[in-house]
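[1] after the sequence you'll find the predicted model.
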Amino acid sequence: MPPPGPPGPLPGCQVWDGNHCKGDQIETEATFEANRWYTPLAGEPDYQASFQDYGRLVAYVHVVYADPSLESTTVEIRATHKDKGTQLKYSFGRKSQTSNTATFSREQTEPLVVSVSGSDGSKLELEPIDFRWNAPIIRELAGDFRGGQKGAVVELFGWPHADVEAECKDLATMGYLGVKIFPAMEQLMATKPFNNNINPWYFMYQPVSYRLHGRMGTRDDLRNMIHTCRSLGVRVYADAVVNHMAGGGNDANTHHRNPGAGCAKWGNKTSSLPGGHSPSYTQSFTYTVGTRTGKQPLQEFPAVPYGPLDFHCERALSSWNDPLQLNAGWLSGLTDLNTEREHVQERIAAYFTDLIGIGFSGFRVDAAKHIKPEDLVGIFTKLKRNLGGTLPSDFFTWLEVLLGGEADMLICKADSGYNYGCGFTAKLGAAGFTASEIEQVKTWNSGYPKEPEKGIDECDIGKSGTRRTVIQNDDHDQQLPGSSSRDMQSTGCVLIKGCPDDDHRSFEVTLFSNPPGSRDNHNDYSIRTILSSFYWGKGGALGMPDGKSDCALCTTNCGSCQGMPLKRAHDPTSKGYDKGDGEYTRVHRDAAIVAAMRTWMGLENSMSESVQIVV
């Protein structure tokens, strides 16, 4: 069935240009709410079974724990039907009821299955709910871990969940506090190359929904990994992408074209969801209208659910020292969430609560400097409420706030109006966060190691100290060819850009033995992270060695495909600094680095022979 007209498909090679910001406008105009419900229904063109009934019904689960013990909770299904008169029923654990809330406690020993249905026959099966009380208690390990507030976190870039699970035994023996995995939500995938790469690494940072089915594994895989690691004494941290959703044009719409590229056309992207993908729509490069709306698509991610008004109007992010653009600009074309909106804050807080429920101990907030400080305060305030009124004692988070010429605004000057240092701290305090809770909501020090003072409140180490920061030498963004996101000059280096092993090892040892800016190595910089990554593929291929960037998976325009074959991430015989195209580096297993870390943690420099590393 063709889309209705008029306006119907645009003529020639025109594309829709509605919802572009004018002047200082940042909000999508309210009239665009009429463009919602773009998802096709069963029997309509482009429908897939994984779309369920998102074309007329959306919902998400809101969990609030009764108190800080996290042993009982109220579960609310927040649902919206396209037709407001439709009566809804809610199912908790296969039990149907007219109320959208139910309470649960430790007697619920399995993930809770939930769904919602309408009197018109519509139905949605939602993500199962994991309750924190079902996550194993973290095994106590020897060392100066301070209840989870001090230690080294290994960032395993591109490691499938099963490999992380297998690595956790050795991480515990080595004495690491925890492991950070990369985005685990439903994320963009494709069977067609993008800039000649099949499923490049940065597709992981383009969410389709908050369902915990990422390319590294399913929700079940994730739960198994977290539970195993916690049982061994290793905490797990998430990489949370909440500034944006998938980029404009990277969606489920089968009709896109680019007037600036010879009217090239392309179809839909898929996702990491097993057995199909959730519907997702953006306004970019589109020329058709919805079958039932008769209007152009706008930003709509029904499986979250987000609708058009939950996003900022479209503007390119072209200034790094203009607060309006930092907050509301579309970073590299990524559809920017309107985090000022109550619904958006509540939904992000619910996602964070789900992460805690399945057993994460904290998370890194990606692109945090593109979320206004007061919006982050609103999100964390709602998370704290959801967790019984306080943050768990071992919880911490760190915010990706990359610094450049705008360091004065972002960190140094508390009264700049867009500040993640003292200004952010003051806003958290005004919202009721205690001094210890404020320290748990950490700011990553991106000035480290070259200019560590640039990552400290007021940019004055002598005044502010360095206790409330997370530090690292290299991060995954720096590895991208041509990246200048953190200029370390002679104070650090990025391994996979040609840095000699001995130099990199020396910087990592310094991270634990005498980090720049520290006045008291025992207490300063309480969280220190190590990146174990992988080398890019042959010819500079920017995929990942998890098997999902292999050109064998390509189905369209495959002639120029640059792929990366599968490599096993977990290797119990590795001594670190493994080399080769598409090979994992595993630097966290290096004997000198492990020894320096263990000394910092107050551990003896001897380990079980089961770990094949000589220290």
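    Ah, there it is.
[2] can you give me the helices in the protein?
    Using DSSP state H, the helices of the chain run over residues 161-174, 219-232, 323-328, 342-358, 373-386, 407, 422-430, 435-440, 461-464, 501-513, 591-600.
[3] okay, these in a markdown table with distance to Thr191, mean pLDDT and mean neighbour count next?
    Every C-beta, even on glycine, is put in place using the N, C-alpha and C of the backbone. Listed next are these as a markdown table, based on distance: least, Cβ to Cβ, whole Å; pLDDT from 0 to 100; neighbours: other Cβ atoms under 10 Å:
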| stretch | distance to Thr191 | mean pLDDT | mean neighbour count |
| --- | --- | --- | --- |
| helix 161-174 | 22 | 98 | 22 |
| helix 219-232 | 22 | 98 | 21 |
| helix 323-328 | 33 | 97 | 20 |
| helix 342-358 | 28 | 98 | 22 |
| helix 373-386 | 35 | 98 | 21 |
| helix 407 | 42 | 92 | 21 |
| helix 422-430 | 42 | 96 | 19 |
| helix 435-440 | 42 | 95 | 16 |
| helix 461-464 | 50 | 87 | 14 |
| helix 501-513 | 36 | 97 | 18 |
| helix 591-600 | 39 | 98 | 21 |
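[4] I'd like these as TSV, with distance to Ala414 appended.
    Shown next, in TSV, are the helices of the chain (distance: least, Cβ to Cβ, whole Å):
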stretch	distance to Ala414
helix 161-174	38
helix 219-232	37
helix 323-328	14
helix 342-358	23
helix 373-386	11
helix 407	13
helix 422-430	4
helix 435-440	14
helix 461-464	11
helix 501-513	28
helix 591-600	31
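[5] for those helices, which one sits closest to Ala66?
    For those, proximity to Ala66 was assessed by Cβ to Cβ; helix 373-386 is nearest, at 10.8 Å.
[6] who are the packing partners of the closest one?
    With contacts taken as 3 or more Cβ pairs under 8 Å, 6 or more residues apart in numbering; DSSP states H and E, helix 373-386 sits against strand 57-65, helix 342-358, helix 422-430.
[7] tell me which residues are up against the first one.
    With contact meaning Cβ atoms under 8 Å, 6 or more residues apart in numbering, strand 57-65 is reached by 71-82, 114, 116, 118, 122-124, 126-127, 129, 131-132, 210, 302-305, 346-347, 350, 353-354, 357, 385-388.
[8] repeat the analysis, applying 6 Å as the threshold.
    Outside strand 57-65, the residues that touch it by Cβ atoms under 6 Å, 6 or more residues apart in numbering are 73-81, 116, 118, 122, 124, 126, 129, 302, 305, 350, 353, 386-388.
[9] report the buried members of those residues.
    Buried members of these, counted by 16 or more other Cβ atoms under 10 Å: 73, 75-81, 116, 118, 122, 124, 126, 129, 302, 305, 350, 353, 386-388.
[10] so which of the residues you listed are in strands?
    73, 75-81, 116, 118, 124 (DSSP state E).
[11] which one of those residues is nearest to Gln472?
    Top of the list for closeness to Gln472, among those and by Cβ to Cβ, is Thr73 at 34.5 Å.
[12] the closest residue to the closest one other than its chain neighbours - how many residues pack around it?
    Nearest residue to Thr73 in three dimensions, chain neighbours excluded: Tyr65, at 4.7 Å (Cβ to Cβ, 6 or more residues apart in numbering). Counted with other Cβ atoms under 10 Å, residues neighbouring Tyr65 total 22.
[13] quickly list what Val236 is bridged to.
    Each beta-bridge partner of Val236 is listed here: Val179, as defined by DSSP bridges.
[14] check contacts around it.
    Contacts for Val236 were tallied using Cβ under 6 Å, 6+ apart; they are 179, 226, 229, 360.
[15] Ile471 now?
    By Cβ under 6 Å, 6+ apart, the contact list for Ile471 reads 445, 448, 525, 528.
[16] out of those residues, which one sits closest to Asp501?
    Proximity of the contacts of Ile471 to Asp501 was ranked by Cβ to Cβ; the top entry is Arg528 with 19.8 Å.
[17] report the helix or strand with the lowest average pLDDT across this structure.
    Lowest by mean pLDDT, DSSP states H and E among the helices and strands of the chain is helix 461-464, with a mean of 87.
[18] which residues touch that helix?
    453, 456-458, 517.
[19] would you check which pair of the residues you listed lies furthest apart?
    Farthest-apart pair in the contacts of helix 461-464 is Glu458 and Gly517; separation 13.9 Å (Cβ to Cβ).
[20] the two: which is more packed in?
    Higher neighbour count among Glu458 and Gly517: Gly517, with 21 against 17, using other Cβ under 10 Å.
[21] now the end-to-end length of stretch 536-551.
    In stretch 536-551, first residue to last residue: 15 Å (Cα to Cα, to the nearest Å).
[22] okay, buried residues for that stretch please.
    Buried residues in stretch 536-551, defined by neighbour count with 16+ other Cβ under 10 Å: 536-537, 541-551.
[23] how about low-confidence regions in the protein?
    Applying pLDDT under 70 to the chain flags residues 1-7, 606-615.
[24] how about 50 then?
    Counting by pLDDT under 50, the chain contains low-confidence residues at 1-4, 608-610, 612-615.
[25] from Ala252, how far out is the nearest residue to Tyr54 once chain neighbours are set aside?
    Counting by Cβ to Cβ, 6+ apart, Pro302 is the residue found nearest to Tyr54 once chain neighbours are left out, at 3.7 Å. Distance of Pro302 to Ala252, computed by Cβ to Cβ, to the nearest Å: 10 Å.
[26] list residues touching both of these two?
    Taking Cβ under 6 Å, 6+ apart as the contact rule, Pro302 and Ala252 both touch Pro279.
[27] and of the helices of the chain, who's closest to Glu155?
    Nearest to Glu155, of all the helices of the chain, is helix 161-174, at 10.9 Å by Cβ to Cβ.
[28] so who does Leu531 touch?
    155, 474.
[29] which parts of stretch 413-424 are buried?
    Within stretch 413-424, the residues scored as buried using 16+ other Cβ under 10 Å are 413, 416, 418-424.
[30] would a markdown table of the residues you listed with distance to Gly405 be doable?
    Converted to a markdown table, the buried residues of stretch 413-424 look like this (distance: Cβ to Cβ, whole Å):
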| residue | distance to Gly405 |
| --- | --- |
| Lys413 | 13 |
| Ser416 | 13 |
| Tyr418 | 14 |
| Asn419 | 15 |
| Tyr420 | 16 |
| Gly421 | 16 |
| Cys422 | 20 |
| Gly423 | 18 |
| Phe424 | 20 |
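[31] which one of those is nearest to Gly262?
    The nearest one, if we look at the buried residues of stretch 413-424 relative to Gly262 and count by Cβ to Cβ, is Tyr418, at 40.5 Å.
[32] pretty sure the residue nearest to Tyr54 is touching Ser280, no?
    No - with contacts counted by Cβ atoms under 6 Å, Pro302 stays clear of Ser280, the gap being 7.8 Å.
[33] returning to what we had before: of the contacts of Val236, which is the nearest to Thr291?
    Comparing the contacts of Val236 against Thr291 with Cβ to Cβ places Phe360 closest, at 39.6 Å.
[34] and the gap between the closest residue to the closest one other than its chain neighbours and Gly357?
    Using Cβ to Cβ, 6+ apart and skipping residues adjacent in sequence, the residue nearest Phe360 is Ala238, 4.9 Å away. With distances taken as Cβ to Cβ, Ala238 is found 12 Å from Gly357.
[35] go on, Thr74?
    Distance of Thr74 to Gly357, computed by Cβ to Cβ: 13 Å.
[36] now do Leu410
    For Leu410, the distance to Gly357 (Cβ to Cβ) stands at 32 Å.
[37] also Asp520?
    With distances taken as Cβ to Cβ, Asp520 is found 36 Å from Gly357.
[38] ditto for Gly388
    Distance from Gly388 to Gly357, by Cβ to Cβ: 12 Å.
[39] end to end on stretch 185-203, go ahead and measure it.
    Stretch 185-203: ends 12 Å apart by Cα to Cα.
[40] how about that stretch, which residues are buried there?
    Buried residues in stretch 185-203 (16+ other Cβ under 10 Å): 185-190, 192-194, 196-203.
[41] ditto for stretch 254-263
    So for stretch 254-263, counting by 16+ other Cβ under 10 Å, buried means 255-257.
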